[in-house]
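Student: Need the 3D shape of this:
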Amino acid sequence: MNYRERLKDKKRIVIKIGSSSLTHAATGRLDLLKMEVLVRELGDLRNQGKDVVLVSSGAIAVGAAALGMKGKPSDLRVKQACASVGQARLMLIYQKLFSEYNQMAGQILMTKNTMVNNANRRNAQNTFNELLSLGVIPIVNENDSISTYEMQSLEKFGDNDTLSAVVAALIEADLLILMSDIDGLYTDDPNSNPDARFIDTVDNFDERILNMGKGSSTSNVGTGGMATKLTAARIATAAGVDMVIANGSDFHNIHRVTDGDDCGTLFVGKKQEEFFLIDYIEKLL
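Tutor: Residues are numbered from 1 along each chain as shown. Prediction:
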């Protein structure tokens, strides 16, 4: 089966963007040229009649830069303050850019409790479905200004790789695209091992694949490394969602993925008969 070819027919797509893909490395401030390409790519997917959800990092980095801080703060209270300032700025720019392409964007801020609590989870699912039925592009982030999970338990729910997979499973998406600072999955870290081989397609997700995650990232801005992306892949594929890790240095890679081109690493979704999203979330607690 040509797994790439079937990516053309995906109708509900979740795209996750990391902080390092949105900001200038030297200053931590938003890269507006890249953001415009991102918005244009997502707007074009909407114009094709597809449902689009954006899971966007960047609030803390944007807030820290706006407040004149050098680098990413380490103190929890400072991070939360930066998130408060940065999230507002981020949404303001997204709203402005999307409106220029005649698209409507909405904001959804989530905490781990959103998914653990049955009533909250159903409400979130209903909100997503209603927004998508109205043609809105939901922009999702963890509610960093009140949640401590992202700052204190990075290996758990508090990274947007995992959050995006949970959202994809929750709304029964067809495809999850993780825009990363690397081209995809390698047999080893290509930054330290020149013999590392690129893996184009993973059609059988097992422990061997999971163990390829080194838990590190080449970026000092984001929170997620390859380990979190493979955790996301485990959740997404178990829910029957195809997932692609692609390089976020070029947001045109989004349409290359949805056009079925050989771009990034494709993890083939194979829904497990006894898949229960809450079971996967509880394993991450």
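
Student: Give me the local confidence score for Y94.
Tutor: pLDDT for Y94: 97.

Student: OK, contacts around it?
Tutor: Contacts of Y94 were listed using CB atoms under 8 Å, 6 or more residues apart in numbering, and they are 35, 39, 54, 56, 105, 139. (Each C-beta comes from the backbone N, C-alpha and C, glycine too.)

Student: Can you tell me which of those residues end up in strands?
Tutor: Counting by DSSP state E, the members of those that fall within strands are 54, 56, 105, 139.

Student: what packs against the strand or helix carrying M243?
Tutor: Using DSSP states H and E, M243 sits in strand 242-247. Counting contacts by 3 or more CB pairs under 8 Å, 6 or more residues apart in numbering; DSSP states H and E, strand 242-247 packs against strand 175-180, helix 226-238, helix 253-258, strand 265-267.

Student: Out of those, which gets nearest to N47?
Tutor: Nearest to N47, of all the helices and strands packed on strand 242-247, is helix 253-258, at 11.7 Å by CB to CB.

Student: Could the C-alpha coordinates of that closest one be exported in CSV?
Tutor: Output of helix 253-258 as CSV, limited to C-alpha atoms (Å, rounded to 0.1, in the frame of the first residue of the first chain):
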residue,chain,number,x,y,z
ASN,A,253,6.5,21.2,4.1
ILE,A,254,2.9,21.2,5.3
HIS,A,255,1.5,21.1,1.8
ARG,A,256,4.3,18.7,0.7
VAL,A,257,3.1,16.3,3.4
THR,A,258,-0.6,16.7,2.5
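
Student: Tell me which other helices or strands it touches.
Tutor: helix 32-47, strand 175-180, strand 242-247.

Student: what about the residue lying closest to I139 once chain neighbours are set aside, how many neighbours?
Tutor: In space, and not counting its chain neighbours, I139 is closest to L54: 4.9 Å by CB to CB, 6 or more residues apart in numbering. Residues near L54, counting by other CB atoms under 10 Å, number 21.
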